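Novice: okay, here's the prediction I keep looking at, along with the sequence it came from:
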Amino acid sequence: MTDYRFCPACATPLALIVAAEDGGDRQRLRCPACDFTHWNNPTPVLAAVVECVDRGGQVLLARNAAWSGRFFGLITGFMEAGETPEEGIRREIAEETALEVEQLNLLGVWDFQRMNQVIIAYHAAARGEIRLSPELVEYKLLAPEDVRCWPQGTGQALATWLRSKGIEPEWLDLKRE
């Protein structure tokens with residue numbers, strides 16, 4: 001949850017106030033002076049299982065520079081105003097890896113409540129020379145049968161893609177890794 005404490009319209013301290021909404025009364029952070037409501041809606045996040053078609057169908061996993069430890073995950077990013085999810089994930093893949101997406105298929109949509117996000121995930125068939133943006137520090141390419149999924153967030157999208165290829169996912173135990 002974003003840490004809103006003051007109204008962005010009038011600077012009055014926000015308070016948890018119950019008010020009538022379309023489905024009944026709901027408690028939210030609201031401004032008692034000007035009726036501003038902090039909706040705290042989930043943020044759409046785009047994710048891609050990137051399959052490198054010019055590298056034998058290997059899956060690209062990358063490590064974000066901001067992440068602690070050695071976790072490798074999917075290519076992800078936020079949608080920009082004025083773009084579709086498909087345009088957004090193509091942009092993110094190009095920005096973060098320099099790969100060109102040849103084909104996109106929607107894998108599904110998952111809620112990620114811990115981060116207050118909705119993940120829109122795709123399978124992206126891509127090709128080209130991998131050149132990482134400064135946002136990513138390293139990558140690895142794995143055969144689909146060697147990929148292990150993680151239980152939260154984008155790991156569910158990866159598991160869905162593996163199942164679509166007839167591969168039963170193996171799961172990381174993040175408490176031990």
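Specialist: Looks like it arrived, so ask away.
Novice: residue most distant from the centroid, the protein?
Specialist: A33 (35.9 Å; Cα atoms, centre = their mean).
Novice: contacting residues around that one?
Specialist: 7, 10, 12 (Cβ atoms under 8 Å, 6 or more residues apart in numbering). Any C-beta I mention is one placed from the backbone N, CA and C, and that applies to glycine too.
Novice: measure stretch 37-54 end to end?
Specialist: 50 Å (Cα to Cα, to the nearest Å).
Novice: average pLDDT for that stretch?
Specialist: Mean per-residue pLDDT for stretch 37-54: 96.
Novice: distance between it and the chain's centre?
Specialist: 3 Å (Cα atoms, centre = their mean, to the nearest Å).
Novice: same thing with stretch 109-118?
Specialist: 8 Å.
Novice: okay, the contacts of A33 in CSV with distance to M115, secondary structure and neighbour count next?
Specialist: Putting the contacts of A33 into CSV (distance: Cβ to Cβ, whole Å; DSSP: H, G, I helix; E, B strand; the rest coil; neighbours: other Cβ atoms under 10 Å) gives the following:
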residue, distance to M115, secondary structure, neighbour count
C7, 25, coil, 21
C10, 29, coil, 11
T12, 28, coil, 13
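Novice: please report how far the residue farthest from the centre of the chain lies from V18.
Specialist: 17 Å (Cβ to Cβ, to the nearest Å).
Novice: low pLDDT regions in this protein?
Specialist: For the chain, the stretches flagged by pLDDT under 70 are 1-2, 174-177.
Novice: ok, which stretches of it are helices?
Specialist: Applying DSSP state H to the chain gives helices spanning 85-97, 155-164.
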